[in-house]
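Asker: Just to be clear, the model below is a prediction. Sequence and coordinates:
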Amino acid sequence: MSRSDVSLATPQTLPTTESVRKLERIVDQVDDLQDTANELHGKYVSLALAVRKSLESHSIDVEDAKFLIKECLKRKASVVPELMPCIDILKKVNDFKSFFDFLSDYDFIGYLNYKLLKKLIIEFAKNDDEINRHLLEYEKEYAKLLSAASFNDLIPLFEKQSDLSPTAPLGLPYISFRLEKPWLLTCVYTWVSTFGEFSWSSDAILKQLRKNCIIITYAILPCVLDDVMRDLKDLVILKKLEDNDIRVVELPQEEGD
């Protein structure tokens, strides 16, 4: 099947892809980010090609890969109805070339958006040393881009993204905290000071602040994820947070889970 056989809708018309494209356009306009963005794009291409070749060489059934992605999209489709045509198009894919063309053409994977690509790696290629090497190099470069001083001006774009969209540009893991008594100013002050005590707090990017029930979500840079998981599973630290009416309500799913 050729790509034209599965492209029953025009990718450019899908609203769910606009956030990714908007961020890519803005990054391309920031001179200080050009070299890092180009390096990141190159490592993304190497990673995506390596994943595709690995799935093919290990005789992974394309239907299994399609099922994984379809379930990710279906979970979001009730609140992002524009995804339904994509699910119908995905059903017509019958080989890995068309499968990866679909993911790329509809911006479900990209150099700033690798969450679904990583899901494929965890499910089908987590023991592939070459894939893991490519992934590590890519995530290090991603962390370098997000850590760049010029990138600070783009953080509001991340804050506006909703977890409802699978095309949100962050492929990074999330952590969330709930303030039990948000109406108390002392609780908010305690939160700010407590969070600042974590060694990795400067490598956490504010992703979302949900209204009404105060749940604060951060995206975590890959280079500090091990430290985050260590701290937020430490019973002493968890007890200290709870004593201050702060609870951890979301942690990244570990690959072994």
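Answerer: Arrived safely. Residues are numbered from 1 along each chain as shown.
Asker: which of the residues in the helix or strand harbouring residue 136 are buried?
Answerer: Using DSSP states H and E, residue 136 sits within helix 129-147. Going by neighbour count (16 or more other CB atoms under 10 Å), the buried part of helix 129-147 is 131, 134, 135, 137, 138, 139, 141, 142, 143, 145, 146. All C-beta spots, glycine's among them, are computed from the backbone N, C-alpha and C.
Asker: Could you list the low-pLDDT ranges of the stretch 1-150 of the chain?
Answerer: The stretch 1-150 of the chain contains residues with pLDDT under 70 at 1-19, 78-79, 146-150.
Asker: Do a quick rundown of the helices in it.
Answerer: Ranges of helices within the stretch 1-150 of the chain are 3-6, 18-28, 34-57, 62-77, 83-91, 96-105, 115-124, 129-147, based on DSSP state H, counting those that start in this stretch.
Asker: Can you say which of the ones you listed is nearest to residue 173?
Answerer: With CB to CB as the measure, helix 115-124 is the member of those nearest residue 173 (9.3 Å).
Asker: From the contact counts, what lies against that closest one?
Answerer: In this structure, helix 115-124 makes packing contacts with helix 34-57, helix 62-77, helix 129-147, judged by 3 or more CB pairs under 8 Å, 6 or more residues apart in numbering; DSSP states H and E.
Asker: 7 Å instead?
Answerer: When contacts are defined as 3 or more CB pairs under 7 Å, 6 or more residues apart in numbering; DSSP states H and E, helix 115-124 sits against helix 34-57, helix 62-77.
Asker: would JSON lines of these with mean neighbour count and distance to residue 244 be doable?
Answerer: Formatted as JSON lines, those follow (neighbours: other CB atoms under 10 Å; distance: least, CB to CB, whole Å):
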{"stretch": "helix 34-57", "mean neighbour count": "17", "distance to residue 244": "37"}
{"stretch": "helix 62-77", "mean neighbour count": "16", "distance to residue 244": "33"}
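Asker: What's the local residue count around residue 177?
Answerer: 19 (other CB atoms under 10 Å).
Asker: ok, it touching residue 216?
Answerer: Yes. Using CB atoms under 7 Å, residue 177 is in contact with residue 216, at 5.1 Å.
Asker: Send me stretch 23-38 as PDB with only the CA atoms.
Answerer: Extracted C-alpha coordinates of stretch 23-38, given in PDB (Å, rounded to 0.1, in the frame of the first residue of the first chain):
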ATOM      1  CA  LEU A  23       6.000  25.300  18.300                       C
ATOM      2  CA  GLU A  24       8.300  24.100  15.500                       C
ATOM      3  CA  ARG A  25       7.800  27.300  13.600                       C
ATOM      4  CA  ILE A  26       8.600  29.400  16.600                       C
ATOM      5  CA  VAL A  27      11.700  27.400  17.500                       C
ATOM      6  CA  ASP A  28      12.900  27.800  13.900                       C
ATOM      7  CA  GLN A  29      12.700  31.600  14.300                       C
ATOM      8  CA  VAL A  30      14.900  31.700  17.400                       C
ATOM      9  CA  ASP A  31      18.500  32.100  16.200                       C
ATOM     10  CA  ASP A  32      20.000  30.900  19.500                       C
ATOM     11  CA  LEU A  33      18.100  27.600  19.200                       C
ATOM     12  CA  GLN A  34      18.900  26.800  15.600                       C
ATOM     13  CA  ASP A  35      22.000  24.600  16.200                       C
ATOM     14  CA  THR A  36      20.500  22.600  19.000                       C
ATOM     15  CA  ALA A  37      17.200  22.200  17.100                       C
ATOM     16  CA  ASN A  38      19.000  21.000  14.000                       C
END
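Asker: Compare the helices of the stretch 1-150 of the chain and give me the one nearest residue 248.
Answerer: helix 115-124 (21.1 Å).
Asker: in the closest one, what counts as buried?
Answerer: 115, 116, 117, 118, 119, 120, 121, 122, 124.
Asker: now stretch 91-103
Answerer: 93, 96, 98, 99, 100, 101, 102, 103.
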